[in-house]
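**Student:** make a model of this:
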Amino acid sequence: MEQKVESDRSGDAGGSGRSALRGIAVPGDVAAGVGSQVADLGSGGGFPGFPLAVLRPDVEVTLVESDQRKAAFLREVSDFAGNIRVRCIRAESLEGTFDAVVGRAIRPADILATARRIAGGFGILLSRSDAEVLAGSVNSQVWPLPWAPSSAALVGLVPREQSKSANLGLFHVKRRLSDGVIA
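**Tutor:** Residues are numbered from 1 along each chain as shown. Presented below is the predicted three-dimensional model:
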């Protein structure tokens, strides 16, 4: 794990902004197919949600970050893009409906669980070997990342869960008090 963190940071050691450029360089087809509402789970510094918002101003991106200091930073930088909302909550508490959820630094199982609950579509940045293993268990496609041969974007669909209220039929029972018969 430490090796991955070091390699992520070393890409922008000189402050040249190369990390930001790498975040933007996702395949065009991936960015084109995200829908109009996307949630970036565990957004941290805003990747991949912020570059997605810049590339696709027609997409409303919700950056979800439970750390208040990180969320405050995201609120400050979100002034540069009118299509970004910031929510300081855990992904498990996120409500609403999205076309897709994306993430980079959280467990793929958590991203998939959230996608099943609120979205259906997902995108995960992870190691290429993990992406290929996970691709066998979900309806997805692996996109190699040109700047990081050992990394990939896993993009796909999962079936939406039925909400509990959708499974309960709404009905009205009228009871006559005089005879105890249900009408």
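**Student:** which parts of this structure are helices?
**Tutor:** 2-10, 18-24, 28-32, 49-55, 68-77, 108-114, 128-135, 164-167 (DSSP state H).
**Student:** any idea how far the residue lying closest to G96 once chain neighbours are set aside is from A152?
**Tutor:** Setting aside the residues directly before and after it, G96 is nearest to I118 in space (C-beta to C-beta, 6 or more residues apart in numbering), at 6.2 Å. Bear in mind the C-beta positions are built from the backbone N, C-alpha and C, glycine included. As judged by C-beta to C-beta, to the nearest Å, I118 and A152 stand 24 Å apart.
**Student:** neighbour-wise, which of the two wins?
**Tutor:** Neighbours were counted for I118 and for A152 using other C-beta atoms under 10 Å; A152 has more, 23 against 20.
**Student:** what lines up beside the lengthiest strand in the chain in the sheet?
**Tutor:** Identified as the longest strand of the chain according to DSSP state E is strand 148-157. Neighbouring strands of strand 148-157 in its sheet, by DSSP bridges, are strand 121-127 (antiparallel), strand 139-145 (antiparallel).
**Student:** can you redo those strands as a markdown table with mean pLDDT, mean neighbour count and distance to L55?
**Tutor:** Below are the strands paired with strand 148-157 laid out as a markdown table (pLDDT from 0 to 100; neighbours: other C-beta atoms under 10 Å; distance: least, C-beta to C-beta, whole Å):
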| stretch | mean pLDDT | mean neighbour count | distance to L55 |
| --- | --- | --- | --- |
| strand 121-127 | 94 | 22 | 13 |
| strand 139-145 | 92 | 16 | 15 |
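**Student:** could I get those as a markdown table with distance to V38?
**Tutor:** Converted to a markdown table, the strands paired with strand 148-157 look like this (distance: least, C-beta to C-beta, whole Å):
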| stretch | distance to V38 |
| --- | --- |
| strand 121-127 | 8 |
| strand 139-145 | 16 |
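**Student:** of all these, which lies closest to L112?
**Tutor:** strand 121-127 (6.2 Å; C-beta to C-beta).
**Student:** I'm done for today, thanks for sticking with me.
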